[in-house]
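Participant: sequence and predicted structure are below.
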Number of protein chains: 2
Amino acid sequence: MIDSAAASAPYPWLKDRFNRIATLQEASSMLGWDASVMMPPGGAAARGDQLALLAGMAHELLVDPATGDALASAARTPPADLWDRRNLQLMQHAHIRATALPGDLVMAISRACSSCEKIWREARAQNDFARVRPALGEVINLTRQSANALAPVLGLSPYDALMDGFQQGIGAADVAPVFAAYETFIAEALPRAEELQHNHPAPVPLGGPFPEADQESLCRFLAERAGLDFTRARLDRSTHPFSGGTHTDLRITTRYDTANVASAMMGVLHETGHALYEAGLPDAWNRQPVGEAAGMAAHESQSLIVEMQACRSDPYLSWLGPVLKERFGGDADAYSPGNLAALWRRVERGFIRVDADEMTYPAHVILRFRLEQALIDGSLTVADLPAAWNEGLKTLLGIVPPDDRHGCLQDIHWYDGAFGYFPSYTLGAMAAAQLMEAARDATPGLDEALGRGDLSPLVAWLRTEVHERGNLLGFNDLLRAATGKPLDPAAFLTHLRQRYLD
Amino acid sequence: MIDSAAASAPYPWLKDRFNRIATLQEASSMLGWDASVMMPPGGAAARGDQLALLAGMAHELLVDPATGDALASAARTPPADLWDRRNLQLMQHAHIRATALPGDLVMAISRACSSCEKIWREARAQNDFARVRPALGEVINLTRQSANALAPVLGLSPYDALMDGFQQGIGAADVAPVFAAYETFIAEALPRAEELQHNHPAPVPLGGPFPEADQESLCRFLAERAGLDFTRARLDRSTHPFSGGTHTDLRITTRYDTANVASAMMGVLHETGHALYEAGLPDAWNRQPVGEAAGMAAHESQSLIVEMQACRSDPYLSWLGPVLKERFGGDADAYSPGNLAALWRRVERGFIRVDADEMTYPAHVILRFRLEQALIDGSLTVADLPAAWNEGLKTLLGIVPPDDRHGCLQDIHWYDGAFGYFPSYTLGAMAAAQLMEAARDATPGLDEALGRGDLSPLVAWLRTEVHERGNLLGFNDLLRAATGKPLDPAAFLTHLRQRYLD
């Protein structure tokens, strides 16, 4: 009966099948959230089994020959509607990626990553790269096999086939010139920004301590005011902040440091940007590929436009200062917009990516982008990675990590098999600046609203121009539709210039 | 490949399949917990889809003809080991039940129950039985069809086929004499207990208010001291207390009433009993039918042995009083064991089952047991239910509900399609008394330990005699193995006599 439905009306049959796949993924997302936020340690092993089974069942539905037959059949008479047509393309793309990899390679990668990640935790703690070298070598070897299997079926280079898994439609050739423009800029801009910063008086630290419960109440208030609807969302605590859940049930998390209110607050605003994107995706295409976000760079653009563009702007900080003063008390001067800007928009050459400011952050990404390409194409061996890392950071930022813990051991990504992901961070930062420029042009009063802590004009524009488009267009065409041009680093560099050099 | 494994080694193949089914059920259990405890309202519709899909996938694995073939093949050379043999029987039983019902009947029941339950909520609020009458009629009609479909394949009467879904191996003919013995007892004992109670001074109320956070801390302390390991469990809040989760990740819930500390406290001890049973099930048979609890009556025996037998006993109350006094302050006399017993072991003829004391509770169950048999066999019409209810309660307890909200509208069970479940409550209460008697005989110092708030001798005995046996024996043989005899109401009646009449 299923087969005859698949044959007579293949596209509706496929929509039903992808709906099931997405529903399984929703269940996984919720169980993943629970594992990070709620689960007692005793549940870990069973949870691993539950998640593996759900992932396996979703994969089976995707690679099922019946899915392939229905795709081939549907492609012969593609749907007329633009959304449907794109939906079918995205289904085909997902099926091609899933079937290109032999099952035993997928299992081998999963095992190798899981093992490598565990060893990495010890190696990082002990600052001992040699310890994780063999495991990382195995992960890279298997990732290369996977890239080589994906490349021909996708018509991409092996590295681009990996990037495609995170941000479809963007390859190394698109990224390289954008990154080069940044590199030229930073060589001159960073010393100037540092000099300007040096000539200003040092910022006054905020008082504190900031009790966790009060920070949580503040974060909830700010997220809600930024547009998050708590009848469809939760804010909880986890070791590593993240945004998860589903379109109508969003789960964001943070952690609290009683000495530092900015960490949780800016973290929550960042995750709120991710959650607003998911909440704003088109209801009519829920659980269909075309109704999903337009990739990881697009997602990062939404978190960064809220956190970096809106909530670290002068007008927002001028509103936020008195809010904080009222909630936490302390020195009024410390809460002035100028002081908050000096505290929270501080440029600093550092070793650790996740602590980096927005001006130097792309340098960290560029380093990884170059190194991971070399690791995948074999021109860089794992043994040579630490030296290449240190050399690269010296070239980009003029500093050399004191040890591998501050160097090539700092990020989980490679050790967990995520190659091709890093560029998304900086593509997202650039897209955020480009979108903010367009939103300002299109929305009179946007900054005045930010000066009242009100993001609604910005979010309304994003909803129409970004969220509600789902994955109809893909990253580049989405930017073109929303801003009139494809990804262009100019807006980001202008933003950095205005914020740090003017 | 799967088929050849199923043919050459059918029992291992079946174990793998039932492991998958159980793992899907674990995922459902966790998502159900989340829906009751964590989920914002916006998530409800999507969660319904997720749970329906997981249930559907588990059902598909169970009714799959390949499962039937493997069961038939495995039955031809049954495994030698007792546990394996029982496991195979339970697999067959589950398959028979699942395949006996046509898919469209299962869907119709699910829809009818879901609709009836919604109407019932309004009907109960408005005290308007007529409103839910048609929907309940439809549920009963479909339940009868289901019972008639199950009866011949199980070799049971239609009503017993329904009971079998909750407590395999116990039918109406087993229950009727046990309930009759209780009814004879209560006719004489209840007036005597009331008289004795009347001749005592009225209990002193505890002071209060009892802040929620302090109650929660107390409940956690008591659950942990009763043996619950919080590295494998959580205690949270929900509208209706329940016990859920999985063998290594137990989730119990309660609600807090600041005027009444006993409600949450006794509720948590009750759910702790359920959770200790799940925690104590045999690791080696995790995710296999033989590794599950021995039915709902067995489960209820474990909650009631902790709450009613252990934690409302004189020695436990003598320890608990000072604990409460220290945590909440107030009048020392109120915390005396005698006063706590007078407060928390009070006999009262009431209309509402969930508020009933342990002496009158079985009367509520017997009423429902008789009425639901008559509803299923058609000798009682839905239109005549309210009158039959009121007449029945008058016969059993000598009181008549003032309206249907206090009568046949009070419980969700029937409106949600659960026919054949009610007897489990009283079978559990009787089994709890029988098990407690055996535990006391076998465990010197059990009561002395309760006098220190220490349940470990009791729980150690239960672990060996009940928990670790999983569903190897079934309810009756489990009782026989643990206590030397099958279910016998004598211990329960002796318990009531000692607690309320001596």
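Facilitator: Okay, I see it. Numbers count the residues shown, from 1 in each chain, chains lettered A, B, ... in the order given.
Participant: can you list the residues of chain A near chain B?
Facilitator: Counting by Cβ under 8 Å from any Cβ of the partner chain, the residues of chain A close to chain B are A:20, A:23-24, A:26-27, A:30-31, A:34, A:38-43, A:45-47, A:49-50, A:53-54, A:57, A:229-234, A:245-249. No exception for glycine: its C-beta is placed from N, CA and C like everyone else's.
Participant: looking at those, which are in helices?
Facilitator: Members of those lying in helices (criterion: DSSP state H): A:20, A:23-24, A:26-27, A:30-31, A:34, A:45-47, A:49-50, A:53-54, A:57.
Participant: most neighbours, which of these?
Facilitator: residue A:27 (28 neighbours; other Cβ atoms under 10 Å in any protein chain shown).
Participant: list the residues that contact it.
Facilitator: For residue A:27, the contact set (Cβ atoms under 8 Å, 6 or more residues apart in numbering or on different chains) comprises A:54, B:27, B:31, B:50, B:53-54.
Participant: same thing with residue A:340?
Facilitator: Taking Cβ under 8 Å, 6+ apart as the definition, contacts of residue A:340 comprise A:317, A:320-321.
Participant: change it to 6 Å
Facilitator: Contact analysis of residue A:340 by Cβ atoms under 6 Å, 6 or more residues apart in numbering or on different chains lists A:317, A:321.
Participant: number of residues surrounding the closest residue to residue A:26 other than its chain neighbours?
Facilitator: Distances taken as Cβ to Cβ, 6 or more residues apart in numbering or on different chains place residue A:246 nearest to residue A:26, at 4.7 Å, with adjacent residues excluded. Neighbour count of residue A:246, defined by other Cβ under 10 Å: 25.
Participant: what score does residue A:246 have for pLDDT?
Facilitator: Among the per-residue scores, residue A:246 holds a pLDDT of 96.
Participant: please apply the same query to residue A:474.
Facilitator: The per-residue pLDDT reported for residue A:474 equals 95.
Participant: how about the closest residue to it other than its chain neighbours, secondary structure?
Facilitator: Once flanking residues are discounted, residue A:474 sits nearest to residue A:169: 4.5 Å by Cβ to Cβ, 6+ apart. Assigned with DSSP: H, G, I helix; E, B strand; the rest coil, residue A:169 falls in the coil class.
Participant: check contacts around residue A:169.
Facilitator: Contacts of residue A:169 by Cβ under 6 Å, 6+ apart are A:474-476.
Participant: and what of residue A:478?
Facilitator: Listed by Cβ under 6 Å, 6+ apart, the contact set of residue A:478 reads residue A:294.
Participant: from what I see, residue A:143 and residue A:419 are in contact.
Facilitator: Yes: with contact defined as Cβ atoms under 6 Å, residue A:143 reaches residue A:419; the gap is 5.3 Å.
Participant: immediately after the strand or helix carrying residue A:374, which helix or strand?
Facilitator: According to DSSP states H and E, residue A:374 maps onto helix A:361-377. Sequence order places helix A:385-397 as the next helix or strand after helix A:361-377, per DSSP H and E.
Participant: what is that following helix packed up against?
Facilitator: For helix A:385-397, the packing partners by 3 or more Cβ pairs under 6 Å, 6 or more residues apart in numbering or on different chains; DSSP states H and E come out as helix A:361-377.
Participant: buried ones in the helix it packs on?
Facilitator: Within helix A:361-377, the residues that count as buried by 16 or more other Cβ atoms under 10 Å in any protein chain shown are A:361-376.
Participant: quick one: contacts for the nearest residue to residue A:476 once chain neighbours are set aside?
Facilitator: Setting aside the residues directly before and after it, residue A:476 is nearest to residue A:486 in space (Cβ to Cβ, 6+ apart), at 4.7 Å. Contacts for residue A:486 (Cβ under 6 Å, 6+ apart) come out as A:476, A:479-480.
Participant: repeat that for 8 Å
Facilitator: A:476-477, A:479-480.
Participant: export only the CA atoms of the helix holding residue A:374, formatted as PDB.
Facilitator: Taking Å, rounded to 0.1, in the frame of the first residue of the first chain, the C-alpha atoms of helix A:361-377 are listed here in PDB:
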ATOM      1  CA  TYR A 361      37.200  36.300  16.200                       C
ATOM      2  CA  PRO A 362      37.500  35.800  12.400                       C
ATOM      3  CA  ALA A 363      41.200  35.400  12.700                       C
ATOM      4  CA  HIS A 364      40.600  32.300  14.800                       C
ATOM      5  CA  VAL A 365      38.200  31.000  12.200                       C
ATOM      6  CA  ILE A 366      40.600  31.700   9.300                       C
ATOM      7  CA  LEU A 367      43.300  29.800  11.000                       C
ATOM      8  CA  ARG A 368      41.100  26.800  11.400                       C
ATOM      9  CA  PHE A 369      39.700  27.100   7.900                       C
ATOM     10  CA  ARG A 370      43.200  26.900   6.400                       C
ATOM     11  CA  LEU A 371      44.500  24.200   8.600                       C
ATOM     12  CA  GLU A 372      41.500  21.900   8.200                       C
ATOM     13  CA  GLN A 373      41.700  22.100   4.400                       C
ATOM     14  CA  ALA A 374      45.300  21.100   4.600                       C
ATOM     15  CA  LEU A 375      44.600  18.300   7.000                       C
ATOM     16  CA  ILE A 376      41.900  16.900   4.700                       C
ATOM     17  CA  ASP A 377      43.900  17.200   1.500                       C
END
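Participant: that one packs against which elements?
Facilitator: For helix A:361-377, the packing partners by 3 or more Cβ pairs under 8 Å, 6 or more residues apart in numbering or on different chains; DSSP states H and E come out as helix A:129-154, helix A:158-164, helix A:172-199, helix A:385-397, helix A:423-442.
Participant: mean confidence score for the helix or strand that comes right after the last one?
Facilitator: Translated: helix A:423-442. On the C-terminal side of helix A:423-442, the closest following helix or strand by DSSP H and E is helix A:446-450. In this model, helix A:446-450 has an average pLDDT of 98.
Participant: which strands and helices sit next to helix A:446-450?
Facilitator: Helices and strands touching helix A:446-450, as assessed by 3+ Cβ pairs under 8 Å, 6+ apart, comprise helix A:314-328, helix A:423-442, helix A:456-465.
Participant: got a pLDDT number for the closest residue to chain B within the stretch 51-200 of chain A?
Facilitator: Residue of the stretch 51-200 of chain A nearest chain B, by Cβ to the nearest Cβ: residue A:53 (4.9 Å). What the model reports for residue A:53 is a pLDDT of 94.
Participant: quick one, what contacts it?
Facilitator: Residue A:53 makes contact with B:20, B:23-24, B:27, according to Cβ under 8 Å, 6+ apart.
Participant: show me what counts as buried in stretch A:72-87.
Facilitator: For stretch A:72-87, burial by neighbour count (16+ other Cβ under 10 Å) applies to A:73-74, A:83-84, A:86-87.
Participant: farthest pair within those residues?
Facilitator: A:73 and A:83 (19.7 Å; Cβ to Cβ).
Participant: separation between the residue nearest the centre of chain A and chain B?
Facilitator: When Cα atoms, centre = their mean is applied to chain A, the residue found nearest the centroid is residue A:300 (4.2 Å). Computed as Cβ to the nearest Cβ, to the nearest Å, the residue A:300 to chain B distance reads 24 Å.
Participant: same check on residue A:214?
Facilitator: Using Cβ to the nearest Cβ, one gets 17 Å for the distance from residue A:214 to chain B.
Participant: that residue reaches residue A:324, doesn't it?
Facilitator: No: using Cβ atoms under 8 Å as the test, residue A:214 is too far from residue A:324 to be in contact (10.3 Å).
Participant: between those two, who's got more neighbours?
Facilitator: Neighbour count, other Cβ under 10 Å: between residue A:214 and residue A:324, residue A:324 has more, with 20 against 15.
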